[in-house]
Every structure is written in structure tokens, then in C-alpha cells.
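In: Pasting a predicted model and its sequence here:
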Amino acid sequence: MANRQDVRAEALDSEQRTVSALYARLDVARARAEAALRAAHGSGGEPGTRQARVEREVTAAEQARRLAQLHAVERGLCFGRIDDAGGRTTYVGRIGLRDDGNESVLVDWRAPAARPFYVATAGDPGGLVRRRHLHLRQRRVVGLDDEVFDLERMSESDRRALVGEAALLAALRRGRTGRMGDVVATIQTEQDRVIRSGLQGALVVQGGPGTGKTVAALHRAAYLLYTHRDTLERRGVLVIGPNAMFLRYIGHVLPALGETQVVMATLGELFPGVRATAVDEPRTARVKGDARMAGVVAAAVRDRQRLPDGDLLVTAEGVTMRVPQAVCARLRERARAVRLPHNMARKLFVTELLKELARAEARAVEESLHLAELALEDPELAGSLDLEHDLDEVDLRLASRRLWSLEPVRRAIDALWPELTPQRLVGELLSSPATLRAVVPAGLDWAALVRPAGEPWTVGDVPLLDEAAELLGEDDSVRRAAAREAEAGEEELERYAREVLVTTGLLEEGIFQRAEMLAERHAGTGDGLSTAERAAADRTWAYGHVIVDEAQELSAMAWRTVMRRVPARSLTVVGDIAQTGSAAGARSWAQVLDPHLAGRWREERLLVNYRTPVEIMRVAADVLRSVAPDQEPPESVREGGTPPRAVRGGVARLRELVAAELDAVGDGRVGVIASEAWHPRVAALFPGDDLEAPVVALTVTQAKGLEFDAVVVADPAGILARSPMGGQDLYVAITRATRRLTVLHDGDLPPVLSGLVRE
Ligand SMILES: Nc1ncnc2c1ncn2[C@@H]1O[C@H](COP(=O)(O)OP(=O)(O)OP(=O)(O)O)[C@@H](O)[C@H]1O
């Protein structure tokens, strides 16, 4: 009888044969896509018709996309196998592949057929007898893990071939790389529920640190794109993260899952043309994020629709025109009554005011002629002039046009109802204490908003700009004309798309079921932009789905901005109320979501911590109790072994501490998380913001959502003292480590950290 070693080798060999065959299929698919791409490019030099050109462009863009996808799935192409009670075996991988006979040989992890791989448990195996995890290094199978659900129904040879080590723990033991990896091979059942939850409505994923909220949300994006490709390819998916470093950290998860078409942005980038990174002081952030600021921006817009101090007097070309103040007031009311955005209502105001000015001009001319007549005593002219009332519509229009070209007239109109950009409105509002005092309601600290003109935009300004853009409106006539033209070309494009599908084999490979989808994706792409790029550049783009990570940090105003991006209200909201660090952030999900989604959001909780070892989590639990006594800390699956410690000293001790941590983690990463007060000195010791470097120095705000093998928290008292949310910040800082935690303090150790071992 063969010994266990032989059995294991046999099982590995057999899986190796399957995996090699799968990679061979992948190579074939790549070669096909490459050939099609070359063919499309190769014919680019021919003169050809516009139709031929469009066809080539569409083919080339699709094949390039397909090729990028096929290259992105190289690592760990196949990672699972399930055997059911009926004797069927299914291999699960990053994408689906078919053999020459069009039989499925690898099932995409998002397909319904792959579901049992994720949801089978010993208690509820769902028809499976075994689940096997395959570990690959490059294209070689280097390990197998089996979970058996029904030993009785397994064949004798399969029984003997059982091999195992908990796949999840193996995945967790790997050192950090500075980038988030996908966990497609080890998704846990509770996470699977989050990932495969329906597209409709809003799903809140609440969970403590390290419970896999981010990773589940990203897999959900990939799953939704796969399952609802029709809707989501066209409208796009937006992922909002807390800062650029975090987006870099998670940036390669989706491509590795085969998705390259997702827009990633920070809150500071949601307003096209602005890239805000600066953060306001807590006092300012609280006011700016208050929902009442929507009313403040509206009041600021109304404040720019002004009346002259007395009658309006405009002198141009030697004539002084007078429009009574009451008439100006009537015109303003009329323009406001149409309820159009400010810049559109302005058109009406300008037209009406120009007519009034034309009449005023006629009156002024008449008046001067009358004076002249008196001077000349010319009886011929007496009583025969009534220029104002002689003006008909045509005269008025002509006179208006002439007046509009005169600089003093324009200036006078602009002073009453200027054309405004959001940047100008908000910039001028925040640098004008007098206006702020007038438009900010009692109870909101207007003085906290004042700042010098020309300061860079902060993340908290972005929702104000967005609000202003809504109220001001843009002149979109050019865009509408372009859209009409694009529509005319769509039918034509659809016909080519159908031909492209047939000639390139994209239809066969199941990438597109319908030609309209391909056509839609490329409609209006004369500018060479993908859906994702067009969406990112267009403030009014309506996304098909929006994922908000670290969502507890968003203010009420920021939520208004987010909701405008997704009129269908299909959202995944990911966060932890106990980690709220922003003064304007959420205290509960109901508080921030009910105003937009009352009765239309559901909550899933993740309770298992895959990051922080038990020993560290025990200390974190003390901190959590002090800031959120009603919240349960998540349960850790890791056991670190090294007890977290406290070391006394100042910045000067850091070099030595970090060197020791680097030694301890080998190839792993060390994060130094310092208070705002210490951070400049710490960053000078460890410069750069590359998360893939062995050491990186961060503030707590920057460290949100990240993780390191070893973490040194510097100046815990300073972190606690920063703001009312200091306790939450400390909780975030000490839950970033996967293995080791050191706390460096120069004064007394804060009592909440008394669980640390002192050195
Ligand atoms: N099913 C899983 N298999 C393997 N690793 C997992 C799994 N789920 C989570 N992890 C790992 O646990 C770590 C924490 O995950 P993630 O960053 O998504 O947590 P989080 O809930 O967003 O944390 P935080 O709230 O602290 O930002 C990551 O390294 C992730 O890869």
C-alpha cells in the first residue's frame, strides 16, 4: 500500500495535469486575442471608409481589453475544485474557460456553478462531498487542502488522496506586500453573503477592523460586474476610498479578479477639475459637513442675485439709462420664479433687463431731445415724440443686442446677476466673513468657515462645490448637441458591432451576449475614452453602482454628493462606526443613510477578524470599550505569539525600534503610525509614502484601511488628545498589525493601554 507521501505526490501530479491544461487554454485565448488585435492594428494604414475605421477601432479596443484581462489572471488561474455527490467535478478559477468543443473546463468564481465552493459547510454541504483548494506558484501546483463533507460517498482512491491544511490560515500566514491581495480562493461564507447580495438598494457592511470589509466589497464589485454586466458596463462602477494611498493599496485587486473598468476616486476627486487632498481642522470640518450647509450654499447663490442700492443707473455711449429699483426687483422675482439653476435663469433676467434698459435708453434720448427742443424752441418737435412707447418687439431685440455689446451694460448686469462657476461662488463665500455671517443660520459656527482667498481646496469643500454646481447649473447646450449627433451614429455602430462579434469570436467566448452592449460601450467614443474615463470626467454621470469604503468618515454633505452620483441608489456602504475619525463623520448608519434611503438599506455584519492577532485585539478591545461600550470587538482567527508591548522614549528611539521590527518580520512591512504632532519628525526619519517600501511613516488618517506585519504606534497620548475622536483614532492605529505591535510613549502610558507588556 502506498504511503502518505506517495499519495500526496500522486494527487499533486494529477492536479498538475489539469492545471497545465487550463493554462494551455489560457495561452490559446491570449494568442487569439493578440492575433485579432494585430489584425485590427495592421489594417489601420488603409484609407478605408469611416465605417471600416470605426469597426477597426472597436475591434482593437475590445481585444486590448480582453488581452489585459487574460494577462491579469495569470497568477493563481485556478484555485479550487469541488466534487459533488453525483460524481461531478468542477474547477473554479479567476475566469471561465472552455475547450474546443465549447465545454466549460474552468468556471468563473462569480458564476452560480462556483457558489457551492464558497458556501458549503460541514453542517450544510449543499450536495458536495469535497472541497479542494489548490495552491499555485507560477504555473506549478505546490499544495492542496481538502475539506471533506461526506467521507462515505467518496471513492476509495479519493479518500486515500486527502490532503489538508486549512487554506485560510495558510493565506493569512503570508507576509504583507504593501498591496492588498485578492482572497478569491478563501472567501468565507459570511463574506460570500456580502459579495453575492443583490444589486438593488443599498447594502451596509458593518464590521470591526480586519473583518475583510474592503476585500469583500472589492470582490462584490467584481461579482456585480460579472452578473449584471448589461447594466454596469454601460453605467460603470465607482469605488470611493478615503485617500490616494488607500486606493493605491487596493488598486490591483480588481484587475487580478479580471475587472479593469472600475472608476476609483477619493472624496476629494469627486468634483471634476478639483483634486482636493487638504483636510480641514475638526472645528471647520464639523460645520462644513453639516447638512445645513446645503441651505447655506443656496442662500449664497440667492445672495448673488442682487438689487441696485437705488435705481439702476448705467451710462454708455454718453447716455445714462435709469431702471427703477422696483422694476429690477420685479425682474429678479420673475427669473427666480422659473426655478431654473442660477446660470440658466440668468438668461431670462438678462433678456428682460436689456429690454428695460432699451426702454430707459429711449426715454433718456427722448428726454435729451426734449431738452434740445426747449433749447432750440423748435415748435416742429413739440409733443410728437414718444420713443419709449414707439418701440416694438423687433426694435427692442435689436436695441438689446446692441446694448449687450457695451461694456458698462455688461458690468451692470453682472453686478446684479453674475454668471458664476462653483469655484468662484464657494471661494468668494468662504473668504467673505460678512456674507458668511449673513447666510449661515444661527447654531452653525460661521466663523469656523472663514479662510483667506485663494487657499487650496479641502476635501470638505468638494461637497460644497458639488452643491453649488447643482444650484448654478451649467450651460450644457454643446453637450446636448453632441449627444444628439452621437445618437444618430448609434444604429450604424450597432451594425458594425454585430459584425465585429462574429468575426472576432467574442460572441463565442461568451464575452458579449448582445451586439447592443458592445455598441453602447463604444458609443460616442470618438474621443477614445472608455466608459470609466468618461464617467470620471463628468460630474453628472449616473453610475450603476457605487461602493463607499471607510464610509463612516463621510459627512452629511459628502453623502449628498455621493447620492447624486447614483440616482438608482444601488450602493455598497462599507465601514465601522467605531472607527469614525472625522469630526463630521457618522455616529450611526441610520443617521447618515435614512435621509436618502429610509427603509431601503440593509445591513450585513462581519464578525471575524482576519488581520489582528488575539493578543493585540485584547488591548484593542479595552480601547474600543472606552469609545464605544456597546460595540463587540470582532473575534480574531490569528494567534500572534508575540505579546504587544509598550516602550518608553521619544522620537530618538524610533530608529532602533524599527530596525528590530524589520529584523523580526523578514520580508514583511513595518508601519510607523504617529500622532499629528510627532508625524513630521517621524516622516523625516522614514521619508516617502511607498507602501511597498519596508518601512513607511503615516498619520492615523493615512493608515485607515491599511495593514502591516509590524506596527509601531508613536505618541498614543498625542493621538488620544487630537480631537473628540482621539479614542477612535487610537483604536484604528493599534488594529493595523498582522503580527507585532509596539507602542512608543514619552510620558505616562494612557490607562486604556494598560494591557500592553511594559519594557
Ligand atoms: N476570506 C479571507 N481569506 C484570506 N484573507 C482574508 C479573508 N478575509 C479577509 N482577509 C484578510 O484580512 C485582512 C483584512 O481585510 P480588510 O482590509 O478587507 O478588512 P477591513 O474590514 O476592511 O479592515 P479595516 O476596517 O480595519 O479597514 C486583509 O489582509 C485581507 O486580505
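Out: Nice, thanks for sending it over. Residues are numbered from 1 along each chain as shown.
In: Can you get me the start-to-end distance on stretch 556-572?
Out: End-to-end distance of stretch 556-572: 17 Å, with CA to CA, to the nearest Å as the criterion.
In: Look up how far residue 254 lies from residue 72.
Out: 9 Å (CB to CB, to the nearest Å). For the C-beta atoms, the positions are set from N, CA and C on the backbone; glycine is no exception.
In: can you check residue 422 too?
Out: Residue 422 sits 31 Å away from residue 254, taking CB to CB as the criterion.
In: Kindly report the same for residue 77.
Out: Using CB to CB, we find residue 77 at a distance of 17 Å from residue 254.
In: the strands in the stretch 301-450 of the chain, which residues?
Out: Assigned by DSSP state E, counting those that start in this stretch, the stretch 301-450 of the chain shows strands spanning 312-316, 319-323.
In: what sits against the residue nearest to the spatial centre of the chain?
Out: For the chain, the residue sitting closest to the mean C-alpha position, by CA atoms, centre = their mean, is residue 240 at 2.0 Å. By CB atoms under 8 Å, 6 or more residues apart in numbering, the residues touching residue 240 are 265, 266, 267, 270, 546, 547, 548, 549, 562.
In: That one belongs to a strand?
Out: Yes. Assessed by DSSP: H, G, I helix; E, B strand; the rest coil, residue 240 belongs to a strand.
In: The nearest residue to residue 73 once chain neighbours are set aside: what's it in contact with?
Out: Of all residues not flanking residue 73 in the chain, residue 94 sits nearest, at 4.1 Å (CB to CB, 6 or more residues apart in numbering). Neighbouring residues of residue 94 by CB under 8 Å, 6+ apart: 73, 76, 77, 78, 79, 108, 109, 184, 256, 257, 258.
In: how close does the residue of the stretch 651-759 of the chain found nearest the ligand sit to residue 250?
Out: Proximity of the stretch 651-759 of the chain to the ligand (CB to the nearest ligand atom) peaks at residue 705, 4.1 Å away. Distance, residue 705 to residue 250, by CB to CB: 8 Å.
In: These two: who's more crowded?
Out: Comparing residue 705 with residue 250 by other CB atoms under 10 Å, the one with more neighbours is residue 705, at 24 against 21.
In: Now do the same for the more buried one: helix, strand or coil?
Out: Recorded secondary structure, residue 705: coil (three-state DSSP).
In: May I have the phi/psi pair for it?
Out: With angles defined as degrees, to the nearest 10, residue 705 sits at phi 80, psi -10.
In: OK, contacts around the nearest residue to it once chain neighbours are set aside?
Out: Using CB to CB, 6+ apart and skipping residues adjacent in sequence, the residue nearest residue 705 is residue 246, 4.8 Å away. With contacts defined as CB under 8 Å, 6+ apart, residue 246 is in contact with 266, 549, 550, 704, 705, 706.
In: Let's see that with 10 Å instead.
Out: Residue 246 makes contacts with 180, 214, 264, 266, 549, 550, 691, 702, 703, 704, 705, 706, as judged by CB atoms under 10 Å, 6 or more residues apart in numbering.
In: Pipe the strands of the stretch 301-450 of the chain into CSV and attach mean neighbour count per row.
Out: Below are these laid out as CSV (neighbours: other CB atoms under 10 Å):
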stretch, mean neighbour count
strand 312-316, 18
strand 319-323, 18
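In: residue in the stretch 501-650 of the chain nearest to the ligand?
Out: Residue nearest to the ligand within the stretch 501-650 of the chain (CB to the nearest ligand atom): residue 610, separated by 3.4 Å.
In: and the strands of the stretch 301-450 of the chain as a markdown table, adding distance to the ligand?
Out: Output for the strands of the stretch 301-450 of the chain, formatted as a markdown table (distance: least, CB to the nearest ligand atom, whole Å):
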| stretch | distance to the ligand |
| --- | --- |
| strand 312-316 | 58 |
| strand 319-323 | 61 |
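In: Need those in JSON lines (columns: distance to residue 470 and mean pLDDT).
Out: Shown next, in JSON lines, are the strands of the stretch 301-450 of the chain (distance: least, CB to CB, whole Å; pLDDT from 0 to 100):
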{"stretch": "strand 312-316", "distance to residue 470": "29", "mean pLDDT": "94"}
{"stretch": "strand 319-323", "distance to residue 470": "31", "mean pLDDT": "94"}
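In: Please convert those strands to CSV, extending it with distance to residue 141.
Out: Converted to CSV, the strands of the stretch 301-450 of the chain look like this (distance: least, CB to CB, whole Å):
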stretch, distance to residue 141
strand 312-316, 83
strand 319-323, 85
